[in-house]
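**Student:** Requesting a structural model of the entry that follows:
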Amino acid sequence: VTGKGPLVNVDKRLLRKNVVELVDPDFLDDYFVDVEIFQVALSRASTATYAAGMSDLDAINNFEKGQQRVESDSNLEQARRAIIEARDCVQRLVKILETSQS
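**Tutor:** Okay, here's the model as predicted:
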């Protein structure tokens, strides 16, 4: 999301004609659904990490050693969940592409 690295515009690259042509037609709907979920999750992660960096006081580690951490729905936690969802989508997309190639 920083504009640098191998994952820049990965969501757009997943929709390129030369990539979509690799997908078995039986899995095409699943592929497009997972790409869309991935795009939404990536956007949520980006927004939440920006918000966490700007003003998320819940993301600051301010508890004593050994003290139980109170669960919160901080922006940082929301970003973590969105990243996990994006990762899971990528794993499903890779599986669809691998299955299509066999």
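
**Student:** Just give me the residue closest to the centre of the chain.
**Tutor:** By C-alpha atoms, centre = their mean, the chain has its centre lying nearest to Ala86, at 2.4 Å.

**Student:** for the helix or strand it falls within, packing partners?
**Tutor:** Assigned by DSSP states H and E, Ala86 belongs to helix 75-101. Using 3 or more C-beta pairs under 8 Å, 6 or more residues apart in numbering; DSSP states H and E, the elements in contact with helix 75-101 are helix 28-55. In this view, the C-beta of every residue, glycine as well, is placed from N, C-alpha and C.

**Student:** can we see that at 10 Å?
**Tutor:** If contacts are counted by 3 or more C-beta pairs under 10 Å, 6 or more residues apart in numbering; DSSP states H and E, helix 75-101 sits against helix 10-13, helix 28-55.

**Student:** hmm, back to that, tell me who's in contact with the closest residue to the residue nearest to the centre of the chain other than its chain neighbours.
**Tutor:** Closest residue to Ala86 apart from its sequence neighbours, by C-beta to C-beta, 6 or more residues apart in numbering: Ala41 at 4.0 Å. Ala41 makes contact with 11, 81-90, according to C-beta atoms under 10 Å, 6 or more residues apart in numbering.
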